[in-house]
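In: sequence and computational prediction follow.
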Amino acid sequence: MTAEFHRISLRVPYAASVVPRGGRNAQDVVCFAQAAADLRVVAPEDLPVVVVATDPATGRPHETRYAGFDGDLWLPVRDGETALPVERVLALLAGGDPMLGAGMRNPFHDTGIRRHAAASVAAARPLEEMIVRRVETEDRDEVLARAARVAGDFLLCTDGSVWRRSVGPFLHCAPDRPVAVVAARHDLPSARGANFSLDPNGKASNPAYPGAHFGALRLAEALEHAGTEYGVHADHIEGAVEILDEGFVPDHDAVMAARAAADLETGSWIRLQSLLAPPELAAAARTALAAAAAIHGLPVEAFGQRFGGFRLPQGVPCPGPETLVAAVDAVRGFFADASTESGSVGRRGSNGQWREHFERLRGDAHRRFDVYERERLPIFEAAPDLGFGLPEGPRP
């Protein structure tokens with residue numbers, strides 16, 4: 001049967017740096033592009049419930065019911081507990097509203113590497129209508145490419161509902177509780193908050209959220225990791241997952257594990273350690289940052305920056321297995337190769353301190369990738385011997 005599509009209009013904001021007419025200095029502005037996208041139209045019977053998850057974090061028994069279609073899981077676009085009608089969703093997308101419902105941002109507003117202020121988006125104009133002396137930079141092409149991928153994550157149902165592709169439920173391991181179900185919606189869960197910061201002296205500006213996530217089909221691995229890594233041995237999990245058809249459950253584990261091992265905060269440590277570093281260490285830092293940035297969909301100049309408001313954009317293509325392995329190994333190799341035997345006393349001490357810091361706070365993430373993901377990738381190679389041993393679990 002031929003697939004049916006419905007064309008919709010989108011208002012997509014993007015960033016530009018322009019020099020106004022009569023001015024000398026560039027200014028950052030928010031513009032918008034009007035784009036079109038063809039959304040797949042399906043019938044209600046095309047969306048059977050295939051996974052039911054109960055997330056204990058809600059504080060009450062609450063089921064998230066995932067539908068299965070085209071080999072993936074899907075959830076309706078809702079405002080709280082109420083499914084939004086298709087006319088309302090399409091009007092919000094065409095008008096560029098920042099929210100689609102309670103707790104759901106308009107994903108087409110988040111296809112850039114910075115989050116725009118609501119007032120700036122509301123005042124945005126097409127770049128072609130602005131009177132400027134010249135355009136220094138603009139990210140329209142990159143943003144629209146990501147927006148096209150996001151559009152592929154939406155379905156229109158003939159019953160009047162709108163559905164968005166979901167990453168599905170996960171199993172979360174943590175040091176202080178049994179494995180727990182996380183009924184994720186559209187974004188991959190992260191083991192640590194994006195603003196988490198801890199210097200080598202152990203001073204935190206934001207508390208850590210330690211742990212690791214496994215896909216819903218990998219209960220045995222999640223329980224094993226919780227026991228060996230965190231010393232949490234339990235014969236039950238918090239929450240529940242009922243899988244009626246596992247053929248629709250996606251496998252995001254390798255991407256999640258690699259991003260946790262080479263995350264944005266680790267990128268900021270690399271930048272700090274490479275300040276005033278000798279040429280060989282500075283070169284290694286650039287290599288590690290470029291490899292890690294590639295799996296997050298960020299340009300290297302933005303990855304690991306503590307300032308500038310950078311974040312992971314929507315619509316990033318899934319990195320391949322070679323890219324994931326390269327990022328994990330480059331980051332670990334940077335900290336391992338930083339010499340503690342040559343250079344000034346201060347540099348040797350700084351390198352040793354950062355290495356210990358990395359082992360203590362990212363050792364679990366690297367073990368999780370090596371033990372449970374590396375051999376599953378089609379290009380499996382043994383983890384390289386980088387000259388230091390990551391600490392053995394369980395941790396206190």
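Out: It's in.
In: the stretch 101-250 of the chain: helices as residue ranges?
Out: For the stretch 101-250 of the chain, helices defined by DSSP state H, counting those that start in this stretch occupy the ranges 118-122, 140-151, 219-230.
In: the shortest one packs against which elements?
Out: It stands for helix 118-122. In terms of contacts (3 or more Cβ pairs under 8 Å, 6 or more residues apart in numbering; DSSP states H and E), helix 118-122 is packed against strand 27-42. All C-beta spots, glycine's among them, are computed from the backbone N, C-alpha and C.
In: tell me which residues of the strand it packs on are tucked away?
Out: 29, 30, 31, 32, 33, 35, 37, 39, 40, 42 (16 or more other Cβ atoms under 10 Å).
In: how about stretch 248-256?
Out: 248, 249, 252, 253, 254, 255, 256.
In: what pairs with the residue lying closest to the fourth one once chain neighbours are set aside across the strands?
Out: Of all residues not flanking residue 253 in the chain, residue 215 sits nearest, at 5.0 Å (Cβ to Cβ, 6 or more residues apart in numbering). With DSSP bridges applied, residue 215 shows beta-bridge pairing to residue 170.
In: now do residue 215, the pLDDT please.
Out: Residue 215 is assigned 96 on the pLDDT scale.
In: just send the helices of the stretch 101-250 of the chain back as TSV, with mean neighbour count, distance to residue 183 and mean pLDDT too.
Out: Compiled in TSV, the helices of the stretch 101-250 of the chain are given as follows (neighbours: other Cβ atoms under 10 Å; distance: least, Cβ to Cβ, whole Å; pLDDT from 0 to 100):
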stretch	mean neighbour count	distance to residue 183	mean pLDDT
helix 118-122	13	28	88
helix 140-151	19	21	95
helix 219-230	19	15	94
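In: export these to a markdown table and tack on distance to residue 238?
Out: Formatted as a markdown table, the helices of the stretch 101-250 of the chain follow (distance: least, Cβ to Cβ, whole Å):
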| stretch | distance to residue 238 |
| --- | --- |
| helix 118-122 | 36 |
| helix 140-151 | 32 |
| helix 219-230 | 11 |
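In: of all these, which one is nearest residue 96?
Out: Closest of the helices of the stretch 101-250 of the chain to residue 96 is helix 118-122, at 6.7 Å (criterion: Cβ to Cβ).
In: contacts for the closest one next, please.
Out: 13, 29, 30, 32, 96, 98, 109 (Cβ atoms under 8 Å, 6 or more residues apart in numbering).
In: tabulate the residues you listed (JSON lines), appending distance to residue 125 and pLDDT.
Out: Below are the contacts of helix 118-122 laid out as JSON lines (distance: Cβ to Cβ, whole Å; pLDDT from 0 to 100):
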{"residue": "13", "distance to residue 125": "11", "pLDDT": "95"}
{"residue": "29", "distance to residue 125": "9", "pLDDT": "93"}
{"residue": "30", "distance to residue 125": "9", "pLDDT": "94"}
{"residue": "32", "distance to residue 125": "7", "pLDDT": "94"}
{"residue": "96", "distance to residue 125": "12", "pLDDT": "90"}
{"residue": "98", "distance to residue 125": "17", "pLDDT": "89"}
{"residue": "109", "distance to residue 125": "16", "pLDDT": "92"}
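In: which one of the buried residues of stretch 248-256 is nearest residue 84?
Out: In terms of Cβ to Cβ, no member of these lies closer to residue 84 than residue 248, at 23.1 Å.
In: need phi/psi at the nearest residue to that closest one once chain neighbours are set aside.
Out: Closest residue to residue 248 apart from its sequence neighbours, by Cβ to Cβ, 6+ apart: residue 68 at 3.5 Å. Note on residue 68: its backbone torsions stand at phi -110, psi 130 [degrees, to the nearest 10].
In: again with residue 111
Out: The phi/psi pair for residue 111 (degrees, to the nearest 10) is phi -90, psi 0.
In: contacting residues for residue 379?
Out: 321, 322, 325.
In: export these to TSV and append columns for pLDDT, distance to residue 347 and neighbour count.
Out: Shown next, in TSV, are those (pLDDT from 0 to 100; distance: Cβ to Cβ, whole Å; neighbours: other Cβ atoms under 10 Å):
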residue	pLDDT	distance to residue 347	neighbour count
321	95	35	17
322	95	33	12
325	96	29	22
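In: turn these into a markdown table, columns for secondary structure and distance to residue 315.
Out: Supplementary listing: the contacts of residue 379 in a markdown table, determined by DSSP: H, G, I helix; E, B strand; the rest coil; distance: Cβ to Cβ, whole Å:
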| residue | secondary structure | distance to residue 315 |
| --- | --- | --- |
| 321 | helix | 21 |
| 322 | helix | 22 |
| 325 | helix | 24 |
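In: what about residue 344, how many neighbours?
Out: Applying other Cβ atoms under 10 Å, we find 9 other residues in the vicinity of residue 344.
In: my bad, should have said residue 5
Out: 12.
In: list the neighbouring strands of the strand or helix carrying it plus their orientation.
Out: Using DSSP states H and E, residue 5 falls within strand 4-20. Strand 4-20 has the following strand partners under DSSP bridges: strand 27-42 (antiparallel), strand 132-138 (antiparallel).
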